[in-house]
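>>> just a sequence and a predicted model for now, questions to come.
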Amino acid sequence: MKRLGFIVAMLLLAAGTPAAAAPNQITERDGSAFSLTPDWSLDTQAAGLASTLGSRLPVSDVLAAANRSTNDCSTSRKQAQPEFYDRTDIPLQANQILHSSDRFCWDDSDSKVSYWVPQGVTGSSDADDDGQWGPNKVMAVSWHYDTGKAGTQTDHGARLSLVDRVSGKYRHVLLVEPTSSSNFRAVPIHAGGLAWLGRYLYVADTSRGLRVFDMERVLEVATDQDDVIGKSGSKYYAYGYRYVVPQVATYRQAITPPSPCVPQPNALCYSSLALDRSTTPDTLVVGEYRDGRSTDLSIDGGRVVHYDVDASTRKLAVSSGKAVPSRAVTTPKSNVQGAQTWQGEYYLGRSSADKHSFMFAGSADMNTYSWAVGGEDLYYEHGSGLLWTATEHAFNAADTLIDKRIVFAVPLAGIAPR
């Protein structure tokens, strides 16, 4: 019996004891390494640009000049939604299949363009208590520019689609960074996450941290040059876009991860953003994408980090000159493209290349549900109770058109946390 007990003990050691195994639940961790240093020096330059261009416009003017229309979605695009989950390698039960309740699609040119790719999503429900920005109910989706697909070394940066949810019309605007009080350049970032806090649009800058843009300082530029950015002669251009939104601030982490971003124990990949209005004060929620789980338990499948928001300024709350996380966790779920929290529960949207993937929900252990093909950032529209995402794939890895771009929502009440 002693000999048998010894053999069993050795086998258990070889397999790894439960204490050494990676946990299969959300785990609290210290987040102090992810403190951010704010720099609002660009605000002065953005004010100078507005004075120089003389065209400080509200979002409502951009929507009034919308030049594209959303549509009801083709069959192919609808099939990216979670109710069409059909994977046989990872079968799900009927009660694990989520069903969308609202949706829209881009016009055909945007649905099938290869070099602009949808990423972050937010809206006026984040921006203001009444769910509107001025007279409009708005959604905003970021797109990053793929120079390889475009066949150029000139990065056009990141653009924002402003969508009027009543008329269904939308317009693209370009995000720009002031280089002085009289010029600007494109912002070459992935823009994987958005959160709209009052006048400020927070955009994830994967390795750096956060960039902040002023939605009350939209500027109008000339449109007769598609390949020029900034001032040229007596005019200003933005690669053919009529409107630009200037950056006014940066929140920078102390350590910059390698590029492309790989999570480090003391450095975060800022992959997605969401606003949690169920907390007091409101919190900005940063999700981290990691391709597969790490053997380093300080990283695991990725981290989710929370920053308090100042209720009056809608800037991040600062202590001793730093925006210090109010909470941080590691998650047992990898490849997370969007993270939203609400009333203490975590909702994590995973991606699986050009297959349907999974939504995970819970505060520690997590339930699993069907999710989108290529789902990205998450946005909880608190007035409607809907959880939104935008999908990114027009093409698969073999560059074959699969036409799966859609913006859709599921009722949050239909996702039961464990």
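Here it is on my side, so go on.
>>> spit out the contact partners of residue 384.
102, 125, 131, 409 (Cβ atoms under 8 Å, 6 or more residues apart in numbering). The C-beta positions use only the backbone N, C-alpha and C, and glycine is treated the same way.
>>> and the buried ones among those, selectable in ChimeraX?
Per 16 or more other Cβ atoms under 10 Å, the buried members of the contacts of residue 384 correspond to this ChimeraX selection:
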select :125,131,409
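>>> narrow the contacts of residue 384 to those in strands?
Assigned to strands by DSSP state E, the following of the contacts of residue 384 qualify: 102, 409.
>>> of the contacts of residue 384, closest to residue 171?
Taking Cβ to Cβ as the measure, residue 171 sits nearest to residue 125 out of the contacts of residue 384, at 19.8 Å.
>>> could I get the contacts of residue 384 as CSV with distance to residue 138?
Compiled in CSV, the contacts of residue 384 are given as follows (distance: Cβ to Cβ, whole Å):
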residue, distance to residue 138
102, 15
125, 9
131, 10
409, 15
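>>> quick one: which of the contacts of residue 384 is nearest to residue 36?
The shortest gap between residue 36 and any of the contacts of residue 384 belongs to residue 125, at 24.5 Å (Cβ to Cβ).
>>> distance of the closest one from residue 136?
With distances defined as Cβ to Cβ, to the nearest Å, the gap from residue 125 to residue 136 amounts to 12 Å.
>>> do residue 184 as well
25 Å.
>>> kindly report the same for residue 162.
When Cβ to Cβ is the yardstick, residue 162 and residue 136 sit 9 Å from each other.
>>> spit out the residues that contact these two alike.
Between them, residue 162 and residue 136 share these contacting residues under Cβ under 8 Å, 6+ apart: 59, 63.
>>> who has more neighbours, the two?
Regarding residue 162 and residue 136, a neighbour count based on other Cβ atoms under 10 Å identifies residue 162 as having more, with 25 against 19.
>>> for the more buried one, give the beta-bridge partners.
Note on residue 162: beta-bridge partners residue 140, residue 171, judged by DSSP bridges.
>>> and residue 356, by the same measure?
Assessed by DSSP bridges, residue 356 has beta-bridge partners residue 373.
>>> mind listing what it touches?
Shown in contact with residue 356 (Cβ under 8 Å, 6+ apart): 82, 84-87, 370-373.
>>> out of these, which are buried?
82, 84-85, 370-373.
>>> centre-most residue in the chain?
The centroid of the chain falls nearest to residue 193 when counting by Cα atoms, centre = their mean (1.8 Å).
>>> list the contacts of it.
Residues touching residue 193, when contacts are defined by Cβ under 8 Å, 6+ apart, comprise 119-120, 203-204, 270-274, 286-287, 338, 377.
>>> among those, which lie within strands?
Going by DSSP E, the strands hold 119-120, 203-204, 272-274, 286-287, 338, 377 from these.
>>> now, among those, which is nearest to residue 150?
residue 119 (16.1 Å).
>>> pretty sure the closest one sits against residue 376.
Yes. Applying Cβ atoms under 8 Å as the test, residue 119 and residue 376 come out as touching, 5.3 Å apart.
>>> what residues do these two have in common as contacts?
With contacts taken as Cβ under 8 Å, 6+ apart, residue 119 and residue 376 have 192, 390, 392 as neighbours in common.
>>> got those residues as CSV, with pLDDT columns?
Below are those laid out as CSV (pLDDT from 0 to 100):
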residue, pLDDT
192, 98
390, 98
392, 98
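>>> which one among those gets closest to residue 330?
For residue 330, the closest of those turns out to be residue 192, at 19.2 Å, with distances computed as Cβ to Cβ.
>>> list the contacts of residue 361.
Contacts here follow Cβ under 8 Å, 6+ apart; on that basis residue 361 touches 345-348, 367, 369, 415-418.
>>> quick check: the farthest pair among the residues you listed?
In the contacts of residue 361, the most distant members under the criterion Cβ to Cβ are 348 and 416, with 14.4 Å between them.
>>> which one of those two has more residues nearby?
Set residue 348 next to residue 416 and count neighbours by other Cβ under 10 Å: residue 348 wins out with 29 against 11.
>>> how about the secondary structure of the more buried one?
Three-state call for residue 348 (DSSP: H, G, I helix; E, B strand; the rest coil): strand.
>>> pretty sure it contacts residue 336?
Yes. Under the criterion of Cβ under 8 Å, residue 348 is in contact with residue 336, at a separation of 4.7 Å.
>>> now for the two: what residues contact both?
Contact criterion Cβ under 8 Å, 6+ apart; residues bridging residue 348 and residue 336 by contacting each: residue 287.
>>> please name the nearest non-neighbouring residue to residue 188.
Of all residues not flanking residue 188 in the chain, residue 155 sits nearest, at 4.1 Å (Cβ to Cβ, 6 or more residues apart in numbering).
>>> give me the low-pLDDT residue ranges for the protein?
1-22 (pLDDT under 70).
>>> residue boundaries of the helices in it?
Along the chain, the stretches classed as helices by DSSP state H are 2-15, 42-53, 59-64, 75-78, 108-112, 124-127, 147-150.
>>> now, of these, which is deepest in the fold?
With neighbours taken as mean count of other Cβ atoms under 10 Å, the helices of the chain reach their highest mean count in helix 124-127, at a mean of 26.
>>> report how many residues lie close to the residue nearest to residue 399 when sequence neighbours are not counted.
Nearest non-adjacent residue to residue 399, counting by Cβ to Cβ, 6+ apart: residue 114, 7.8 Å away. Residue 114 has 14 neighbouring residues, counting by other Cβ under 10 Å.
>>> now residue 228
Counted by other Cβ under 10 Å, the residues lying close to residue 228 total 17.
>>> would you list the phi and psi of it?
The phi and psi torsions at residue 228 (degrees, to the nearest 10) take the values phi -120, psi 140.
>>> dump the residue contacts of residue 408.
With Cβ under 8 Å, 6+ apart, residue 408 has these contacts: 80-81, 100, 102-104, 372, 388-389, 391.
>>> what's the answer for residue 256, then?
Contacts for residue 256 (Cβ under 8 Å, 6+ apart) come out as 207-208, 267.
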